[in-house]
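**Q** model the structure of this input:
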Amino acid sequence: MTNIKTAVLLVNVGTPDAPTVKAVRQYLSEFLNDKRVIDLPFMIRKLLVNLIIVPFRAPKSARLYQRLWTTEGSPLLYISERVQAALQQKLDSRADVFLSMRYGNPSIDKALASIQQTGYERLIVLPLFPQYASSTSETAIQAVLARMQNWKQKPEVQLIKQFYDRPAFLDALTVQIHAAQPEKYDHVVFSFHGLPNRHLDKNHPAHSFLTCTCKDSMPEHGEFCYKATCFQTARQLVTRLGLTPRQYSVSFQSRLSKDWMTPFTDQTLVKLSKQGVKKILVVAPSFVMDCLETTIEIGEEYRELFIANGGEELRLVEGLNDSSQWISALEKIVEEYV
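**A** Numbers count the residues shown, from 1 in each chain. From the prediction side, this is the model:
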């Protein structure tokens with residue numbers, strides 16, 4: 001550790017400790033019992049999650065994690081650790097970088113214990129989610145603040161709630177997309193993680209999500225309208241890539257019911273294949289690291305779906321992961337607070 005008094009806490013969503021049913025069940029239980037993830041009344045949420053969702057979903061999810069797992073373990077974990085180490089090297093003595101997961105290990109408790117013991121004067125909390133959502137960024141932030149509530153000496157806390165519009169983030173992602181040679185594909189799909197419609201309704205300041213497109217100017221929809229920030233991310237990338245409206249689509253994946261954000265990515269891919277689109281490049285701008293939702297859901301399941309419906313090739317743009325351009329972008333995002 002250095003003697004500097006600024007700490008940076010990176011918070012990612014989390015991963016099971018192992019690709020086993022037991023470990024996945026434990027992870028899903030912690031994850032899905034979060035009231036910001038499943039925002040139902042306490043007793044209904046407990047019964048639904050613990051008696052229905054987790055018991056039925058854990059075995060299936062464990063099989064998916066077994067396909068994702070590598071000799072190094074969970075990609076989300078070891079890539080996060082590489083990002084932590086690389087950012088630490090970039091920041092050098094300006095700050096100390098810590099890593100935690102909202103669910104699972106390394107835990108927020110463990111990271112904060114180290115931070116408290118060292119006695120930092122400033123703490124910068126950076127959830128690794130480009131677009132703010134209550135079920136991602138906010139639950140991570142509130143978990144950190146809740147655990148610090150009884151500290152006798154608290155550091156000054158700086159919160160970076162989202163970074164979807166930071167040029168450093170957008171430029172890094174543009175480099176990653178260019179490396180996949182989008183000009184060789186018929187169409188580009190920007191696939192964002194979906195949310196239940198009721199989550200959007202709660203965060204929308206002026207309108208119901210049903211009465212507006214959330215594609216226009218940000219002030220009208222609010223700084224933390226998830227759907228608006230997704231479209232703004234896509235717009236910025238489209239401008240950087242020089243795509244025309246006919247060359248790209250925006251859609252949302254990982255839905256659990258029909259009452260989630262639309263258009264759905266899987267249905268979009270089928271529709272495009274029926275229209276004669278043969279080669280598709282998929283970008284996942286709401287994920288900064290490859291994980292189950294990118295590698296397996298898009299890279300394998302959606303690819304099979306697209307080809308089964310007449311497509312010829314679907315390629316997933318690799319996540320920012322621990323690329324040099326992403327580490328430099330993180331440095332720029334953090335350094336204004338340092």
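
**Q** which residues of the stretch 151-300 of the chain score low on pLDDT?
**A** Where the stretch 151-300 of the chain drops to pLDDT under 70, the residues are 203-222.

**Q** try 50
**A** Confidence mapping of the stretch 151-300 of the chain against pLDDT under 50 gives the ranges 207-212, 216-219.

**Q** next: the stretch 1-150 of the chain.
**A** Residue ranges of the stretch 1-150 of the chain with pLDDT under 50: 1-2.

**Q** can you pull out the helices in it?
**A** Along the stretch 1-150 of the chain, the stretches classed as helices by DSSP state H, counting those that start in this stretch are 21-32, 42-47, 54-68, 75-91, 108-118, 139-147.

**Q** among the ones you listed, which comes closest to Thr268?
**A** Among these, the nearest to Thr268 by CB to CB is helix 54-68 (21.8 Å). Where you see a C-beta, it was placed from the backbone N, CA and C, and this is true even at glycine.

**Q** buried set for that closest one?
**A** Along helix 54-68, the positions that meet the burial threshold by neighbour count (16 or more other CB atoms under 10 Å) are Val54, Arg57, Ala58, Ser61, Ala62, Leu64, Tyr65, Leu68.

**Q** what do you get for stretch 89-100?
**A** When neighbours are counted by 16+ other CB under 10 Å, the buried residues of stretch 89-100 are found to be Lys90, Leu91, Ala95, Asp96, Val97, Phe98, Leu99, Ser100.

**Q** wait, what's in contact with the last one?
**A** In this case it means Ser100. Leu9, Leu10, Val11, Asn12, Pro106, Ser107, Ile108, Lys110, Ala111, Leu112 (CB atoms under 8 Å, 6 or more residues apart in numbering).

**Q** can you check the first one too?
**A** By CB under 8 Å, 6+ apart, Lys90 lies in contact with Ile327, Ser328, Leu330, Glu331.

**Q** and it, how far from Asn321?
**A** Relative to Asn321, Lys90 is positioned 15 Å away (CB to CB, to the nearest Å).

**Q** domain map for the chain?
**A** Structurally, the chain divides into domains by automatic domain parsing as follows: 6-163+324-335, 181-316.

**Q** ends of the last one, what's the gap?
**A** Just to be clear, that refers to domain 181-316. Start to finish, the residues bounding domain 181-316 are 11 Å apart (CA to CA, to the nearest Å).

**Q** so how far is that domain off the chain centroid?
**A** In terms of CA atoms, centre = their mean, to the nearest Å, the centre of domain 181-316 is found 13 Å from the chain centre.

**Q** before we move on, what about the first one?
**A** Centre-to-centre, domain 6-163+324-335 and its host chain are 11 Å apart (CA atoms, centre = their mean).

**Q** ok, now stretch 166-180?
**A** The answer for stretch 166-180 is 16 Å, by CA atoms, centre = their mean.

**Q** what residues sit buried inside it?
**A** So, applying 16+ other CB under 10 Å, buried residues of stretch 166-180: Arg166, Ala168, Phe169, Leu170, Asp171, Ala172, Leu173, Thr174, Val175, Gln176, Ile177, Ala180.

**Q** ok, residues contacting it?
**A** Applying CB under 8 Å, 6+ apart, the contact partners of stretch 166-180 are 130, 163, 188, 233, 236-237, 240-241, 281, 283, 285, 315, 317-320, 323, 325-326, 328-330, 332-333.

**Q** if we go to 10 Å?
**A** Contacting residues not belonging to stretch 166-180 are listed as 130, 160, 162-164, 188, 190, 232-233, 236-237, 239-241, 281-285, 288, 315-321, 323-333, 335-336 [CB atoms under 10 Å, 6 or more residues apart in numbering].

**Q** hang on, isn't Val317 packed against Val283?
**A** Yes. Taking CB atoms under 10 Å as the definition, Val317 is a contact partner of Val283 at 4.8 Å.

**Q** which neighbours do the two share?
**A** Between them, Val317 and Val283 share these contacting residues under CB under 10 Å, 6+ apart: Leu173, Gln176, Ile177, Ala180, Pro182, Val188, Phe190, Ile298.

**Q** ok, back up a step: between the buried residues of stretch 166-180, which is nearest Pro19?
**A** The shortest separation between Pro19 and any of the buried residues of stretch 166-180 is 26.9 Å, and it belongs to Gln176 (by CB to CB).

**Q** burial measure for Val334, as a count.
**A** In terms of burial, Val334 registers 23 neighbours under the definition other CB atoms under 10 Å.

**Q** in terms of helices and strands, where is it?
**A** With the criterion set as DSSP states H and E, the secondary-structure element containing Val334 is helix 324-335.

**Q** ok, residues contacting stretch 296-308?
**A** Stretch 296-308 is contacted from outside by 64-65, 67-68, 189, 191, 193, 253-254, 265-270, 272-273, 277-280, 282-284, 287, 290-291, 293, 311-318, using CB under 10 Å, 6+ apart.
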